[in-house]
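Trainee: how would this look folded up:
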Amino acid sequence: MDLSKIEMLVGKEAISKLSKCNVLIVGLGGVGGITAEMLVRSGIKRLTLIDFDKISSSNINRQIVALENNLGKIKIEELANRLKEINSNIELTLIAKKLTKENIQELITERFDYIVDAIDSVKDKADLIEFAHNNNYKIISAMGTGNKVCAPLYEVTDIYKTQNDGLSKVIRKLLKEKGIKKHKVCYSKQDKVKVSGLGSAVWHPTACACVIASEVINDLIKE
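Mentor: Just a heads-up that it's a prediction; the model follows:
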């Protein structure tokens, strides 16, 4: 894989470092799938992916892996095929299961340089965050990207500094109950459209993924 364009920006030593890093992504929806692709295109060669879902028609408007010709197929397998077409030398570990508090120690047994939390489920998200903090994993979590159509503006901050984001508020409360005093998240404080249900425009999960990928790559380079 030709990484000369990003190597011009970060240097050969950084590219070599990234090629040795091992990253876990949990949840391969709008944010997680695009983050995975960006990491691979930036030089990450070892990825573990966890997701239990199949591709549905409602995924097509925002998820990088969703196409009309792969509806009903296992999302993690379709994304793996796509990533291997980007870099045939990547090392992928695929776990097609739903991560829960009951199985988290069974599913996460390696040492990862970074964990990307792109889980939708509030409880499972909080449990993953707790596990990561208790076991000294670096982790960043995606917060809410739904019901927004404005030009996106996402930032990385501590969850206790977030504003105007419903998911952040719920997770913040759960983490406080668990005794977790700080946690890195990617979020937007922009207002939501008031609708019945949860809608999603592609540019919001994509923008969130862009910021997360940038944070992970730059953080790993600095180490």
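Trainee: Can you mark which positions in the helix or strand harbouring residue 81 are buried?
Mentor: According to DSSP states H and E, residue 81 maps onto helix 75-86. Across helix 75-86, burial judged by 16 or more other CB atoms under 10 Å covers 75, 76, 77, 78, 79, 80, 82, 83. Heads up, the C-betas are built off the backbone N, CA and C, glycines and all.
Trainee: I'd guessed the last one sits against residue 37; true?
Mentor: Pointing back at residue 83 there. Yes - Residue 83 lies in contact with residue 37 (CB atoms under 8 Å); the separation is 6.6 Å.
Trainee: quick revisit: list just the nearest of the buried residues of helix 75-86 to residue 41.
Mentor: Using CB to CB, residue 83 comes nearest to residue 41 of the buried residues of helix 75-86, at 9.3 Å.
Trainee: got the residue ranges for the strands in this protein?
Mentor: Applying DSSP state E to the chain gives strands spanning 22-26, 46-50, 91-95, 114-117, 139-142, 155-158, 184-187.
Trainee: Neighbouring strands of the fifth one in the sheet, and parallel or not?
Mentor: When you say that, I think you mean strand 139-142. strand 114-117 (parallel), strand 184-187 (parallel) (DSSP bridges).
Trainee: for the second one, same thing?
Mentor: Using DSSP bridges, strand 46-50 pairs in its sheet with strand 22-26 (parallel), strand 91-95 (parallel).
Trainee: Compute the inter-axis angle for that strand and helix 75-86.
Mentor: 160 degrees (axes from the mean of the first three to the mean of the last three CA atoms, to 10 degrees).
Trainee: could we number from 32 for the rest of this?
Mentor: Yes, from this point I'll number from 32; that puts the last item at strand 77-81.
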